[in-house]
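A.B. asks: Build me a structure from this.
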Amino acid sequence: MPTPEAQLLFHQPIPDHAFSQDRQLLAVARGSKVLLYSRAGNEYAKQDQELDINKQTITSVDIAPNSGRIVTCSQDRNPYVWEQQPTGEWKASLVLAGLKRAGTQIRWSPDETRIAVGCGSGAIAICYFDEGNNTWLGKHVLTKQTYSTVLSLAWHPNSKILASGYADSKTRVHSALARGFDKARVKKLEEIITEWGNYEVSTKESGGSPVYTKNNTVFAEFTNPSGGWVHAVSFSPSGEALAYAAHDSSITVVYAHKSLREEAGQTVADFSYSRFTVSTTLLPFTSLLWSREDQIIAAGHDCYPVIFQNSGEGWALTSKLNALQLAGTGGEEAEESAFNKFRQMDSMGTTSKDVLGTIHQNTICSLRPYEMGPHGDVVRFSSSGRDGRLVIFPVA
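C.D. replies: Predicted structure coming up:
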């Protein structure tokens, strides 16, 4: 199997990272800044430019695959969209998301027309560009309910459905339509039926005009039986399945089933959901990534990724990518080794040091697809963690 590529970027945690579509640009959250790196041979070299406008810790970063725009959210409650100018400089635009608490995660929709950002108050803002006002605006969804902190977000491939994981042990699948932007008027019943559920519609009708879908539609809600936080959510490539990871060290895969029938001259949809939970003896997972329709990669506090496979008879943990720590890549690695040696001699009078038998030396915070195969499968993925490392793994 090919050897993973590991690079120590700096001596601080990396809460999130993202790549451009051609993998030549890497954006990494570090403190209140986003550092930019360019591909240089087998490593990423730091650029002189930094995205520095937030006043507090940046918690999440994402890059739009086609336009290359970067979006960030921070504990200062202000998301920003960054766009590269012809001069090469990056210009920031404030997103008027109306967050009342710290932003926790932010993601572009697959079609890049909107942004989802969650926060500590439980609110989720669906943000879009208002051409009339030349600014990014946010519409809150699920506003009538009081939820706990949003820990994770995942877009459905159709860019109209969003999954969210919360600190109250709930996973919700809900509408990501924004009134005023999507103009989601309903002319016939079939338009409100999705593969995960029906859109709720407004009861206000005027002269037989179309009614509107509501922003607060929740298609499905799932509760982790152990009551643990839902750290990660992720839709399968087809959008027909949803996986979520909870604090009880389990992952759950949910399949949506829809059937249509005629009743009183109207089409009625019936929905059911199949759930498969895999419990493990590992530490909790913090990030999930579908590599293909029957394979999920998970990583978290155990400092190495694992693979879950659906053999046709159910889901199971099949392999652990816990390769031994690689030789140092120079630069930061050599600096870290010298620093640790000096620190241990000073504090303990010894030169020995405890090293985990894994590449990452601390919790893995984020997984990202890095390289896709000819059939759309993920063949290489990246991870970043609290040890300041970026690792690119081949999928076993």
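
A.B. asks: Not counting its own residues, what contacts stretch 150-157?
C.D. replies: Contacts with stretch 150-157, where a contact means Cβ atoms under 8 Å, 6 or more residues apart in numbering, come from 104-110, 116-120, 122-124, 161-167, 176, 196, 229-235, 237-239, 242, 244. To be clear about C-beta, it is placed using only N, CA and C from the backbone, and glycine gets the same treatment.

A.B. asks: gap between it and the chain center?
C.D. replies: The chain centre lies 6 Å from the centre of stretch 150-157; the measure is Cα atoms, centre = their mean, to the nearest Å.

A.B. asks: what's the answer for stretch 264-279, then?
C.D. replies: When distances are taken as Cα atoms, centre = their mean, stretch 264-279 is centred 25 Å away from the chain's centroid.

A.B. asks: Other residues contacting it?
C.D. replies: Outside stretch 264-279, the residues that touch it by Cβ under 8 Å, 6+ apart are 189-190, 193, 196-198, 219-220, 222, 225, 248-262, 308, 314-317.

A.B. asks: Could I have the buried ones of the contacts of stretch 150-157 as PyMOL selection syntax?
C.D. replies: In PyMOL, the members of those classed as buried (16 or more other Cβ atoms under 10 Å) are selected with the following command:
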select buried, resi 104+105+106+107+108+109+110+116+117+118+119+120+122+123+124+161+162+163+164+165+166+167+176+196+229+230+231+232+233+234+235+239+242+244
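
A.B. asks: low pLDDT regions in the stretch 51-200 of the chain?
C.D. replies: Applying pLDDT under 70 to the stretch 51-200 of the chain flags the ranges 143-146, 179-180, 182-192.

A.B. asks: again but with the stretch 251-396 of the chain, I slipped
C.D. replies: By pLDDT under 70, the weakly predicted segments of the stretch 251-396 of the chain are 323-353.

A.B. asks: rerun at 90
C.D. replies: Scanning the stretch 251-396 of the chain for pLDDT under 90 picks out the ranges 257-272, 311-313, 322-357, 375-376, 396.

A.B. asks: Where do the strands of it begin and end?
C.D. replies: Counting by DSSP state E, counting those that start in this stretch, the segments of the stretch 251-396 of the chain that form strands are 266-279, 285-292, 295-300, 306-310, 315-320, 364-372, 378-385, 389-394.

A.B. asks: just checking, which of the ones you listed sits deepest inside the structure?
C.D. replies: The highest mean neighbour count among the strands of the stretch 251-396 of the chain, using mean count of other Cβ atoms under 10 Å, belongs to strand 295-300: a mean of 25.

A.B. asks: quick one on the thing from earlier: looking at the contacts of stretch 150-157, which are in helices?
C.D. replies: Using DSSP state H, no member of the contacts of stretch 150-157 sits in helices.

A.B. asks: could the strands of the stretch 251-396 of the chain go into a markdown table alongside distance to residue 48?
C.D. replies: A markdown table is the format used below for these (distance: least, Cβ to Cβ, whole Å):
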| stretch | distance to residue 48 |
| --- | --- |
| strand 266-279 | 45 |
| strand 285-292 | 30 |
| strand 295-300 | 31 |
| strand 306-310 | 38 |
| strand 315-320 | 39 |
| strand 364-372 | 24 |
| strand 378-385 | 21 |
| strand 389-394 | 19 |
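
A.B. asks: Looking at these, which is nearest to residue 65?
C.D. replies: Residue 65 lies closest to strand 364-372 among these, at 10.2 Å (Cβ to Cβ).

A.B. asks: what residues does the closest one touch?
C.D. replies: So strand 364-372 is contacted by 13-19, 23, 286-289, 291, 297-301, 303-305, 378-386, 392 (Cβ under 8 Å, 6+ apart).

A.B. asks: residue contacts, residue 168?
C.D. replies: Each residue near residue 168 by Cβ under 8 Å, 6+ apart is listed here: 147-148.

A.B. asks: Could you number the chain from 16 rather than 1 from now on?
C.D. replies: All right, first residue 16 from here; so that's residue 183.

A.B. asks: Need phi/psi at it.
C.D. replies: Backbone geometry at residue 183, expressed as degrees, to the nearest 10, gives phi -100, psi 20.

A.B. asks: what's the pLDDT at residue 228?
C.D. replies: Here, the pLDDT recorded for residue 228 equals 63.
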